[in-house]
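this is the structure alone, sequence omitted:
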């Protein structure tokens, strides 16, 4: 369970190289010059403005990745992050606009409201799984669909800002300034990083950092985290050690949902200040799955995955302006995830085989002890 | 004991055997599962393979079915030496296996299950279509030939266990098998179904099919088989005709001729009862009991051994004491506390140690470092925990102590548990449990699959703990271990405690017959050579009459 980052990085780096190769071939087949794309990536991709966009996008991706990773850590697949953050963002935006509190308290209140709502939404698949054995994959993916309908119903019916004032977009009442996080531009300027006028570094990225620290501490340093990892590693051994499997399912899903609730707040606590279909974009929950896979559930690995994903997203604008296919970034992302998953499996199998070979060499030939049943793998005939 | 089983075995002897195994050796990391296996199976006979669990029967059959490759030795089918790469090779040569756990798709019909993977196709333009009519004709043919009735259109999920087994056998026959391997086919059947199965097997034999029948139920084997091969410790020790052997003699062959004399030692048994089980009963959903009114007491400084053929309720007894299985009736007490309703964690915190029977499934986190494995089962207590936090330093220090005191050979405490050999993993588990200073410990097969050196060390550790006042419940299939360690020996059979024996005086015959359900009645499944004279038969020299206490109803 202990994860060393060094050797773990070899597989994803190889996989990314492979993904670049595949994307290059696709570009060639489509009649483009991969060299052109590469030069755009290297020149425009690392412009200040693109990097700011990368960081801003990476925050929510990271939080979603952590939410998914918490589930993965105990073999739960919380595919419902998507719905959890949608509902949570709406409720938090409405609740935040309904109270007036002093600055930091107001922000904390909004974060807490979002976490609680996310956890509550995740509680539904959790209780279904613990009591009835319903697969959390199916129930949470269904709850995604329900979340979309539910949030647009609640928004138009109850949470909508009065007509007239904000004509045009449907959304909640904007938050007071006390409920918003400042941009980081000022801090960056003070340490000598000049930013182009229009860019704004959201301080929400700091929330993502905090989530990463909490994830790291809770999962690796607490008894709860130990029980969770033990359940994920070997549920039979965990149960024998005194972990109540049902309780663990519920707690893990609540924790995952609480983190998921924070995914959609970057624009609500930022410039937009309100929930609209534009300020809370869709699809981050699914990106979180890819990011968690890329990062192998490691706190730093997920950060790497989130930044990489966001970087590839940010490439779309310069690619379009250079009349190159921006869709290549989506292909690149997809191929990267696939090859990372395959690379890890290959690395794992090679490791297992080497270990088995080493053990066989050490086994003395004679002197049969009372033989137990060998670790014979059940092979199902075709 | 049907007349069919009494065909003279000698006349077919000269013919080429259907299957011949010579010098088979199979090694797994850490253990040798089979060695020096030599046996021949006559064409058109029912050949039983008996042996205790873990004796290597299943591995041997997997070798014969191509699921495992032998490291040494040869397999001959009808006189030809063969080498199987996978089960398909074995199927191609007419060898079929009926697994103990059925491999059927519940939501498909009987017909679909039988033809799965071997579907007959319609002629060319419709190649992608299954020729159901052809399949149906073929199945009906086979069913008629071998007298096995099934409705091809019934869904498998609606079938009972006996019918499912019939479908499995048909599936194998459909693939053209002439040699059937049945892995403990009666384990899941009720008595009437067993009778039906045996009838079917005799019919198959009459049609020239060769049957390899794996079992550890001696009465059944004697009833059905033409030849019986006994496996012990991974090797074939004897082949007998049922007419010239009794259940007792078979039991003796299975467990070994002589049992070790228990080490002379002072009794450390105290009067203080630490672990009490009273009237413990657990039922399956269909009401069949897994544990039936089990009562036992383990005192401080005492090792109570539970002997029994595996699958007679040992796992359930362990699970019920550990709080992993809810009891339908009965109580469990630790010291003076009634812990029947406690959670597993409460029980562990109260001082019950646990050495699970399957260390990989229940004892270790294989992909976690040793120091995290040391916490397993003790993660809520010092030195491993400090309030809600993990105490890394405490846990690591404790792990170093375990590794040192219990001679766990490992380069460091940061290596993953899977890197250790079986013996070292087991020593580690025992050390971890002992270091937590339990007041009672459940030790299930503590030396299974470990090398001789580790075995001796583990036995010493269990004896030392007993001397220090630990109450130990020892569940094992290894009679040497049970007799060498136990102060009291109980025999479990079909979920009931059927005998309490003194390990110092128990004989292998006695144990063998209780364990196989043959004990108690004076003529244990007597298939004596002289079937005519029931009373005057000179029984084998056996001074000790079986314990008069009534055992569980023998089948």
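Yep, that arrived. Predicted model only: the values in this text are computed from it and were never measured.

which of the helices or strands spans the residue in the stretch 101-250 of chain A that chain B sits nearest to?
The stretch 101-250 of chain A approaches chain B most closely through residue A:242 (3.1 Å), counting by C-beta to the nearest C-beta. (Glycine included, C-beta is placed from N, CA and C.) Residue A:242 is part of no helix or strand when elements are defined by DSSP states H and E.

what's the closest non-adjacent residue to it?
With C-beta to C-beta, 6 or more residues apart in numbering or on different chains as the criterion, residue A:242 has its nearest non-adjacent residue at 3.1 Å, and that residue is residue B:345.

in which helix or strand would I find that neighbour?
Assigned by DSSP H and E, residue B:345 belongs to helix B:344-350.

wait, a helix at residue B:484?
Yes. Assessed with DSSP: H, G, I helix; E, B strand; the rest coil, residue B:484 lies in a helix.

can you pull up the most central residue in chain A?
residue A:65 (1.6 Å; C-alpha atoms, centre = their mean).

and residue B:460, how far from chain A?
Separation of residue B:460 from chain A (C-beta to the nearest C-beta, to the nearest Å): 16 Å.

in what helix or strand does that residue lie?
If you go by DSSP H and E, residue B:460 is part of helix B:452-467.

sorry, back to before: the residue nearest to the centre of chain A against residue A:305, yeah?
Yes. Using C-beta atoms under 8 Å, residue A:65 is in contact with residue A:305, at 6.2 Å.

for the stretch 151-300 of chain B, what lies in contact range of chain A?
Contact residues, the stretch 151-300 of chain B versus chain A (C-beta under 8 Å from any C-beta of the partner chain): B:233, B:234, B:235.

what's the neighbour count on the first one?
The local packing of residue B:233 (other C-beta atoms under 10 Å in any protein chain shown) involves 18 other residues.

one more: the second one?
Burial measure for residue B:234: 28 neighbouring residues, criterion other C-beta under 10 Å.

now it: closest residue in space, sequence neighbours ignored.
Here the residue nearest residue B:234, using C-beta to C-beta, 6+ apart, is residue B:56, at 3.9 Å.

one step back: looking at the residues of the stretch 151-300 of chain B next to chain A, which is nearest residue A:51?
residue B:234 (65.1 Å; C-beta to C-beta).

so how far is residue A:64 from the closest residue to residue A:81 other than its chain neighbours?
Closest residue to residue A:81 apart from its sequence neighbours, by C-beta to C-beta, 6+ apart: residue A:285 at 3.5 Å. Residue A:285 sits 6 Å away from residue A:64, going by C-beta to C-beta, to the nearest Å.

equivalent analysis for residue B:307, please.
Taking C-beta to C-beta, one finds residue B:307 at 56 Å from residue A:64.

any stretches of chain A with poor pLDDT?
Counting by pLDDT under 70, chain A has low-confidence residues at A:1-9, A:164-168, A:351-382.

can you rerun that using 50?
In the predicted model, chain A carries pLDDT under 50 at residues A:1-5, A:363-382.

hang on, isn't the residue nearest to residue A:81 packed against residue A:71?
No. The criterion here is C-beta under 8 Å, and residue A:285 misses it with residue A:71 at 11.6 Å.

so for those two, which sits in the more crowded spot?
Set residue A:285 next to residue A:71 and count neighbours by other C-beta under 10 Å: residue A:71 wins out with 31 against 26.
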